[in-house]
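1. coordinates for the following, if possible.
(one chain, ligands or ions: 2)
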Amino acid sequence: MRVYPVFLNIDGRPCLVVGGGAIGERKVQDLLLAGARVSVVSREATPTLLDLARRGEILYRQENFTPEHLDGMVLVIGATNNLQTNREISAAAQARGLPVNIVDAPALCTFIVPATVRRGELTLAIGTGGQSPALAKKLRQDLEQLFGSEYGPYLELLGAVRAKVLASRRDHPDNLTVFTNIVHSPLLELVRNGDREGIRKLLATLVGAILPPVEMAELQTQAASLFTNSLPTRL
Ligand SMILES: C[C@@]1(CC(=O)O)C2=NC(=C\c3[nH]c(c(CCC(=O)O)c3CC(=O)O)Cc3[nH]c(c(CC(=O)O)c3CCC(=O)O)/C=C3\N/C(=C\2)[C@@H](CCC(=O)O)[C@]3(C)CC(=O)O)/[C@H]1CCC(=O)O
Ligand SMILES: NC(=O)c1ccc[n+]([C@@H]2O[C@H](COP(=O)([O-])OP(=O)(O)OC[C@H]3O[C@@H](n4cnc5c(N)ncnc54)[C@H](O)[C@@H]3O)[C@@H](O)[C@H]2O)c1
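-> Ligands and ions are numbered 1, 2, ... in the order given. Reported below is the predicted structural model:
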């Protein structure tokens, strides 16, 4: 299957999952991580989904699927155990021009879901064009070993440096060199080791001559706060 990879912005937008079993639950968790407002339509739901509904984190409608459930939705996932229902979900969604995924049924999908690794703002997505979901899962597990939790704060720092540099001198011909040098520097290792002093010195070497002193001081404060703020929220 030929595919075009994209990262959808569904933050705050209504998304529907039909079918509240183990697979539906996995899809709901992924949608919540992307900030979606998730509705689940299913005759039964897993204890985790019921708990999410009780806490108001998802909307659960204990009903059979009807096309009206698609009203207002921007994205639809069908995860029922009934092929006829999955076909109806796919047809109704496509009639309305809504992107639709039917789990384990590539022919009924207008998009397929990759295996993903998330580290803060870093998202690694693996697709095999439907040839081997088991391989996608295995590669995801391999990548989880290679890309540790330090990538969250590391990327946050890269973003902070980049924002400062672009604010000070947008379109400067040397900006690309600066950004490339940073990602080839030992910064990742210093973040991994929690080496505040090393990070402070390295930032001074890399961008100290470029940024106005006030901006540089702000950046150093931001860098230090990566370690004083509670890390788990950003990992
Ligand atoms: C990546 C992941 C994302 C997710 O679903 O969240 C995902 N499947 C995952 C796991 C998984 N799925 C299956 C197994 C059993 C082993 C095996 O069959 O290999 C395992 C492994 C396991 O469960 O251990 C069964 C299966 N899946 C599909 C078929 C139908 C077919 O191939 O025709 C069948 C046979 C059903 C049957 O036996 O009848 C089809 C699809 N599954 C896809 C995605 C899309 C293609 C992605 C790609 O490869 O590019 C696609 C096309 C449509 C879609 O569902 O979006 C998630 C890993 C998450 C993770 O752990 O990181
Ligand atoms: N669980 C797995 O590891 C796995 C692996 C490969 C394939 N699959 C396939 O993925 C699909 C979902 O798997 P699962 O384990 O989550 O299934 P599941 O049986 O646990 O859950 C399916 C849910 O769909 C609901 N449902 C059925 N018909 C409905 C309708 N008309 N309207 C609303 N809800 C309806 C059911 O109430 C149930 O809660 C199935 O087709 C299954 O064969 C699952």
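
2. the helices in the protein, which residues?
-> With DSSP state H as the criterion, the chain has helices at 22-33, 47-54, 83-95, 133-146, 151-169, 175-183, 187-193, 196-207, 213-228.

3. mind showing which ranges of this structure have poor pLDDT?
-> Within the chain, the stretches with pLDDT under 70 are 228-235.

4. which one's the longest strand in it?
-> For the chain, the strand with the greatest residue count under DSSP state E is strand 37-45.

5. quick check: angle from it to helix 47-54?
-> Counting by axes from the mean of the first three to the mean of the last three C-alpha atoms, to 10 degrees, strand 37-45 lies at 130 degrees to helix 47-54.

6. quick one: residues contacting the closest residue to ligand 2 within the chain.
-> For the chain, the residue closest to ligand 2 is G21, as judged by C-beta to the nearest ligand atom, at 2.1 Å. Quick note: C-beta positions are derived from backbone N, CA and C, even for glycine. Going by C-beta atoms under 8 Å, 6 or more residues apart in numbering, G21 touches S42, E44, T46, A79, T80, N81.

7. what's the closest of the helices of the chain to R119?
-> helix 151-169 (3.7 Å; C-beta to C-beta).

8. how far off helix 175-183 does the closest one point, in degrees?
-> 150 degrees.

9. what does the protein have sitting close to ligand 2?
-> Selection of the chain residues close to ligand 2 by C-beta under 6 Å from any ligand atom yields 18-24, 41-44, 64-65, 79-82, 85, 103-104.

10. buried ones among the residues you listed?
-> 18-21, 23-24, 41-42, 65, 79-80, 85, 103 (16 or more other C-beta atoms under 10 Å).

11. would JSON lines of those with distance to V191 be doable?
-> Below are those laid out as JSON lines (distance: C-beta to C-beta, whole Å):
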{"residue": "V18", "distance to V191": "42"}
{"residue": "G19", "distance to V191": "41"}
{"residue": "G20", "distance to V191": "39"}
{"residue": "G21", "distance to V191": "39"}
{"residue": "I23", "distance to V191": "36"}
{"residue": "G24", "distance to V191": "37"}
{"residue": "V41", "distance to V191": "43"}
{"residue": "S42", "distance to V191": "42"}
{"residue": "F65", "distance to V191": "46"}
{"residue": "A79", "distance to V191": "38"}
{"residue": "T80", "distance to V191": "44"}
{"residue": "T85", "distance to V191": "48"}
{"residue": "V103", "distance to V191": "37"}
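
12. just the closest of those residues to ligand 1, please.
-> For those, the nearest to ligand 1 is V103 (4.2 Å; C-beta to the nearest ligand atom).
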